[in-house]
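> no sequence on this one, just coordinates:
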């Protein structure tokens with residue numbers, strides 16, 4: 001039920017929950033009121049359900065329960081100050097990329113997706129970095145499930161183009177996406193393996209294209225790679 005709520009569905013009525021859960025009214029109502037009692041859902045003045053503040057407590061507990069994830073928060077914040085970019089750690093969830101941890105740069109155009117907002121894998125540096133880390137068999141399975149929707153004129157729009165991008169990412173050691181997810185947005189990313197969230201993840205920096213030059217991307221990529229080394233498990 002909690003997963004039904006995202007940036008596109010910030011609230012839902014009981015009848016909507018019943019339909020979305022494919023459940024009956026008594027069961028859905030019992031689940032919703034139990035989650036409300038726990039603070040994971042809250043009732044708005046109009047009677048609709050929305051995520052409650054205890055969701056943030058769960059996220060904090062999940063991160064602090066693992067020293068490596070707690071360290072990741074510190075690294076993301078430090079990188080934001082060092083590079084001047086918005087920095088996130090994203091994971092592969094199904095066929096999409098989801099930002100799980102992030103720190104936003106100050107004084108710039110907003111240059112990042114909201115935490116928890118799914119993003120298309122093929123149009124992001126985080127997605128390319130994650131794909132480059134996968135074994136070839138895993139990559140082939142993933143590519144077969146992706147719809148290469150063109151979001152801008154520069155978006156990778158075919159399987160062949162994407163595989164070429166992955167080969168380039170592996171060769172240079174970092175991924176790039178310039179104006180692919182949205183016009184004016186650039187990102188650079190490096191893969192993190194599966195250590196943090198037991199699923200393929202990446203460390204990515206995002207910033208306005210107008211404020212970045214090739215040497216800036218190389219500098220940021222170097223900082224991301226150095227940070228990645230401190231997030232490995234012996």
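Now that the structure is in, tell me what you want to look at. Because the structure is predicted, anything quoted here is derived from the model rather than measured.

> where does this protein dip in pLDDT?
7, 59-67, 107-113, 232-234 (pLDDT under 70).

> mind giving me the domain split of it?
2-56, 66-229 (automatic domain parsing).

> Mean neighbour count for these - can I get that in JSON lines?
No exception for glycine: its C-beta is placed from N, CA and C like everyone else's. Converted to JSON lines, the domains of the chain look like this (neighbours: other C-beta atoms under 10 Å):
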{"stretch": "domain 2-56", "mean neighbour count": "14"}
{"stretch": "domain 66-229", "mean neighbour count": "19"}
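
> All the helices of the chain, residue numbers only.
Along the chain, counting by DSSP state H, helices occupy 14-21, 25-37, 54-64, 67-83, 125-133, 136-143, 159-172, 214-229.

> how close does residue 144 get to residue 170?
20 Å (C-beta to C-beta, to the nearest Å).

> Name all residues that make contact with the residue positioned nearest the centre of the chain.
Centroid-nearest residue in the chain, with C-alpha atoms, centre = their mean: residue 99, separated by 2.0 Å. Residues in contact with residue 99 (C-beta atoms under 8 Å, 6 or more residues apart in numbering) are 88-90, 112-117, 119, 126.

> quick one: which of these sit in strands?
Mapping the contacts of residue 99 onto strands (DSSP state E) picks out 88-90, 119.

> Looking at those, which two lie furthest apart in space?
89 and 119 (13.1 Å; C-beta to C-beta).

> what bridges to the closest residue to residue 228 other than its chain neighbours?
Excluding the flanking residues, the one nearest residue 228 by C-beta to C-beta, 6 or more residues apart in numbering is residue 190, at 5.3 Å. Listed beta-bridge partners, residue 190: residue 203 (assigned using DSSP bridges).

> Residue 221 is in contact with residue 190, correct?
Yes: here residue 190 reaches residue 221: they are 6.9 Å apart, a contact under C-beta atoms under 8 Å.

> Mind listing the shared neighbours of the two?
What both residue 190 and residue 221 touch, as defined by C-beta under 8 Å, 6+ apart, is the set 173-174.

> if I look at the spatially most distant residue from the centre of the chain, how far off is residue 11?
Here the chain reaches farthest from its C-alpha mean at residue 26, the gap being 34.9 Å by C-alpha atoms, centre = their mean. Applying C-beta to C-beta, the value for residue 26 to residue 11 is 21 Å.

> hmm, back to that, distance to residue 163 added to the contacts of residue 99, as CSV?
Converted to CSV, the contacts of residue 99 look like this (distance: C-beta to C-beta, whole Å):
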residue, distance to residue 163
88, 25
89, 25
90, 21
112, 27
113, 25
114, 30
115, 30
116, 29
117, 26
119, 20
126, 18
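
> between the residues you listed, which is nearest residue 33?
Closest to residue 33, out of all of the contacts of residue 99 and judged by C-beta to C-beta, is residue 116, at 23.8 Å.

> I'd say that closest one and residue 102 touch.
No: taking contacts as C-beta under 8 Å, residue 116 lies outside contact range of residue 102: 9.9 Å.

> Contacts only, for residue 174.
With C-beta under 8 Å, 6+ apart, residue 174 has these contacts: 125, 129, 188-190, 221, 224-225.
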